[in-house]
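*Asks:* Could you work out the structure for the sequence below:
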Amino acid sequence: MDSQPPASPDSQQQTTSRKRHGIGRIGWAVIGAVFFGSLLAIGILPRLSQRSELQAAVKEASTVPSVNVITPRRAAATTNLELPGSVVALNQTTIYARSTGYLRRWYADIGDRVQAGQLLAEIDSPDIDQQVLQAKAESAQAQANVLQTRASLAKGVSDLKQAQANLLIARQSWQRWSVLVKQGAVPQQDADTRYATYQANLANVEAAKNTVNSDSANVKAAQANAYAIQANFQRNIVLQSYKKVTAPFSGVITARNVNTGVLISAGSGNSNTNSNTNTSNTNTSNTSLYTIAAYDKLDVNVNVPQSLSPSLQTGQTAEITVKEVPQRVFRGKVVRTSNAIDPNTRTLLTQLEVQNSDAILRPGMYATVKFAINRTNTPFVVPDSALVANAGGTQVATVTKDQTVHYQKVAVGRDYGTEIEITSGLTGNESLIATPTVDETEGLRVQPVAQRK
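*Replies:* You can find the predicted model right below:
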């Protein structure tokens with residue numbers, strides 16, 4: 001076998017150099033792989049961790065529902081309160097007849113303005129006229145009887161004085177004759193005669209006194225009877241004056257219920273009243289002649305909610321408007337309240353007085369009353385969508401500090417339409433679910449999200 005020639009030194013050196021270069025390239029490749037692997041580990045691992053945390057958060061968020069929450073706000077210290085009102089007459093009355101008879105004539109009709117004392121109608125009452133004449137005659141007779149008894153009393157007084165004078169003379173005569181008898185100048189029989197005369201005059205005096213006393217009693221009785229008859233006469237005179245029906249105060253006639261010739265019964269109503277009592281075709285018997293209302297001042301009745309009733313004060317003013325007169329704003333003043341809350345409506349009946357000298361307002365009108373209410377303890381205001389009404393009453397859904405749902409019972413006040421006042425049940429620091437649903441049950445864990453205003 002042929003043997004290879006030994007390698008030359010140069011070729012061995014080249015071989016060693018190639019081996020060294022091959023080992024260097026492999027090392028650098030390994031070092032580079034390690035370096036780039038470290039960089040990838042540094043960049044990828046945190047991202048993988050964040051991704052894992054994000055996935056866990058998303059998973060948790062998918063199980064905890066998010067809710068929009070709001071914070072209750074305070075209502076304004078001064079608020080305008082508009083309430084419906086009813087215009088009523090400050091002074092209104094129905095005029096009845098006090099005298100029985102036939103309506104002779106009427107002088108005022110519906111819509112007429114009348115003054116106090118103005119003649120409205122006349123009633124023909126022959127019965128009362130005759131009663132007046134009879135009472136007048138009885139009064140004259142009673143006065144004559146008084147004069148007669150007084151004359152009898154005067155005669156009795158005169159007789160008494162005469163009897164007393166005779167008694168004085170008889171007593172003196174008897175006393176003188178008694179002295180003469182003792183002296184023996186005259187017989188005893190004559191003294192006895194004088195004594196008998198004295199006793200007779202004494203009896204006459206007693207009889208005259210009794211007569212005077214009787215006549216005095218007769219005078220008092222006659223005088224009392226005359227007073228009674230005179231009072232009856234004056235009563236009939238007054239009843240006769242009721243034949244003329246006059247207006248008790250200045251105002252407007254709002255109803256006329258009778259016509260000429262209708263029989264009027266004083267002091268009693270009649271059931272056969274035609275429903276169309278304000279027409280000229282009325283032919284009924286009704287003692288209600290007129291209805292009159294004063295228009296210079298009117299009352300406006302308004303029902304104020306219980307929650308705002310403490311803010312109203314007597315003397316407080318308000319603006320009153322009516323739809324039929326949009327260009328006018330009337331000023332009313334609170335003059336009285338019922339001082340009691342109506343248990344059916346939970347409102348306070350309040351009356352305002354308004355001047356109506358030009359008679360633009362009319363009783364029975366619907367009016368709008370606007371109060372400026374100053375409140376010291378202002379309530380909270382929440383959207384109406386935040387309220388829940390159920391068997392537990394009116395409630396709001398709150399989110400507690402541990403992010404669970406809790407239903408809080410509240411008391412509502414004024415309703416603004418989209419917002420409602422809360423008078424009690426809130427402190428102002430609560431987070432309220434803006435629109436609670438049936439899914440937000442008590443104790444449910446939620447994720448609150450502040451709702452943008």
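
*Asks:* and residue 92, what does it touch?
*Replies:* 251, 254, 291-294, 363 (C-beta atoms under 8 Å, 6 or more residues apart in numbering). To be clear about C-beta, it is placed using only N, CA and C from the backbone, and glycine gets the same treatment.

*Asks:* Residue 322: which of these is nearest?
*Replies:* Residue 322 lies nearest to residue 363 out of these, by C-beta to C-beta, at 12.2 Å.

*Asks:* State the phi and psi torsions of that closest one.
*Replies:* phi -60, psi 140 (degrees, to the nearest 10).

*Asks:* again with residue 297
*Replies:* Dihedral angles for residue 297 - degrees, to the nearest 10 - are phi -130, psi 140.

*Asks:* Who does it form a beta bridge with?
*Replies:* Bridge pairing for residue 297 (DSSP bridges) gives the partners residue 355.

*Asks:* three-state assignment of residue 214?
*Replies:* helix (DSSP: H, G, I helix; E, B strand; the rest coil).

*Asks:* And the next helix or strand past the helix or strand bottoming out on mean pLDDT in the chain?
*Replies:* Least confident element among the helices and strands of the chain, by mean pLDDT, DSSP states H and E: helix 9-63 (a mean of 59). The helix or strand immediately downstream of helix 9-63 is strand 66-70, counting by DSSP states H and E.

*Asks:* List the pairing partners of that following strand within its sheet, with orientation.
*Replies:* Partners of strand 66-70 in its sheet, by DSSP bridges: strand 432-433 (antiparallel), strand 447-450 (parallel).

*Asks:* quick one: contacts of the last one?
*Replies:* Under the contact criterion C-beta under 8 Å, 6+ apart, strand 447-450 has outside partners 61, 64-70, 399, 403, 431.

*Asks:* try 6 Å this time
*Replies:* By C-beta atoms under 6 Å, 6 or more residues apart in numbering, the residues outside strand 447-450 that reach it are 64, 66, 68-69, 399, 431.

*Asks:* Buried subset of those as a ChimeraX selection?
*Replies:* Only the buried entries of the contacts of strand 447-450 go into this ChimeraX selection, using 16 or more other C-beta atoms under 10 Å:
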select :69,399,431
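
*Asks:* what's the closest of the contacts of strand 447-450 to residue 158?
*Replies:* Looking across the contacts of strand 447-450 and measuring by C-beta to C-beta, the closest to residue 158 is residue 431, at 113.9 Å.

*Asks:* doesn't residue 290 make contact with residue 94?
*Replies:* No. Contact criterion C-beta atoms under 6 Å: residue 94 and residue 290 do not qualify, at 7.3 Å.

*Asks:* Which one's more surrounded, these two?
*Replies:* Applying other C-beta atoms under 10 Å to residue 94 and residue 290 shows that residue 290 carries more neighbours, namely 24 against 13.

*Asks:* Quick one: residues contacting residue 67.
*Replies:* Contact analysis of residue 67 by C-beta under 6 Å, 6+ apart lists 433, 446.

*Asks:* repeat for residue 347
*Replies:* Counted by C-beta under 6 Å, 6+ apart, residue 347 has contacts 303-305.

*Asks:* Closest to residue 259 out of the contacts of strand 447-450?
*Replies:* residue 68 (73.0 Å).

*Asks:* partner residues bridging that closest one?
*Replies:* Going by DSSP bridges, residue 68 forms beta bridges with residue 449.

*Asks:* Can you give me the pLDDT of it?
*Replies:* Looking at residue 68, its pLDDT reads 89.

*Asks:* other SSEs contacting the longest helix anywhere in the chain?
*Replies:* Ranked by residue count, the top helix of the chain under DSSP state H comes out as helix 126-183. Here helix 126-183 touches helix 188-241, going by 3 or more C-beta pairs under 6 Å, 6 or more residues apart in numbering; DSSP states H and E.

*Asks:* packing partners for the helix it packs on?
*Replies:* helix 126-183.

*Asks:* where in the chain is pLDDT low?
*Replies:* Where the chain drops to pLDDT under 70, the residues are 1-30, 32-49, 51-62, 267-287, 452-453.

*Asks:* what's the residue closest to the geometric middle of this protein?
*Replies:* With distances taken as C-alpha atoms, centre = their mean, residue 349 lies nearest the centre of the chain, 2.9 Å away.

*Asks:* gap between it and residue 90?
*Replies:* Using C-beta to C-beta, to the nearest Å, one obtains 16 Å as the distance from residue 349 to residue 90.

*Asks:* what separates stretch 368-383 from the chain centre, distance-wise?
*Replies:* Chain-centre distance of stretch 368-383: 21 Å, with C-alpha atoms, centre = their mean, to the nearest Å.
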